[in-house]
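Undergrad: sequence first, then the predicted structure:
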Amino acid sequence: MECRLGKESPELKQLKHLSNTLPTLQDLLKEKSPGRASYRVKTTNGENSVAIAETLLSESEVGVIRFKMSKGDKIENHLHSENEWIIVISGSFKTIIDGVEKIVKPGGYIYYPPKLGHSGTVIETLDCICITVPKAEGYPDAN
């Protein structure tokens, strides 16, 4: 399965189509909701390492989550059934997809196809958005 970094793809076209009916990322990022789901995600950078995650949007067709992670945090190899995009706001991370290493920096994004294993290591303190189509199972809903 081909991994696409920053290229137009059928999946990206699907996401763009959905974006016509959903709030913009810019609006979601500046919206301050006291009831917004915020939670911790375990990483593998020491005993107590956690990423802070916040559900920004939770609809049946799309989920949007903001992650903040520390330098050195690692996400072990995993896969899921949804299309996933990671958009870097600040910082950078190294990802390995199907054995291919990529570095993603601010303004860049990476697409992970369904059922393709991927992992990541934070190079510089990371602030990023994770978009899944459809909504990923297991994340809290936004209030």
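TA: It's in.
Undergrad: Ile110 bridge partners, please.
TA: Following DSSP bridges, Ile110 is listed with bridge partners Ile86.
Undergrad: separation between it and Glu59?
TA: Applying Cβ to Cβ, to the nearest Å, the value for Ile110 to Glu59 is 22 Å. (Glycine included, C-beta is placed from N, CA and C.)
Undergrad: for the two, work out which one has more neighbours and name it.
TA: Using other Cβ atoms under 10 Å, the more surrounded residue of Ile110 and Glu59 is Ile110, with 22 against 15.
Undergrad: from memory the more buried one sits against Lys94, does it?
TA: No: Ile110 lies out of contact with Lys94 (Cβ atoms under 8 Å); the separation is 10.5 Å.
Undergrad: overlap of the contact sets of those two?
TA: Here Ile110 and Lys94 share the contacting residues 102, 104, scored by Cβ atoms under 8 Å, 6 or more residues apart in numbering.
Undergrad: tally of neighbours for Ile87?
TA: Applying other Cβ under 10 Å, we find 17 residues neighbouring Ile87.
Undergrad: for the chain, what helix or strand is lowest in average pLDDT?
TA: The helix or strand of the chain with the poorest confidence is strand 38-42; it has a mean of 55 (mean pLDDT, DSSP states H and E).
Undergrad: so which residues of this protein form helices?
TA: Secondary structure of the chain by DSSP state H: the helices cover 10-19, 25-30.
Undergrad: mean pLDDT lowest for which of the ones you listed?
TA: Ranked by mean pLDDT, the helices of the chain bottom out at helix 25-30, which scores a mean of 60.
Undergrad: distance of the residue lying closest to Lys135 once chain neighbours are set aside from Asn83?
TA: Distance criterion Cβ to Cβ, 6 or more residues apart in numbering; nearest residue to Lys135, sequence neighbours excluded, is Gly63 at 3.6 Å. Distance from Gly63 to Asn83, counting by Cβ to Cβ: 11 Å.
Undergrad: next, show the common contact partners of the two.
TA: Here Gly63 and Asn83 have Thr132 as joint contacts, going by Cβ under 8 Å, 6+ apart.
Undergrad: so where's the protein uncertain?
TA: Along the chain, segments meeting pLDDT under 70 span 1-51, 138-143.
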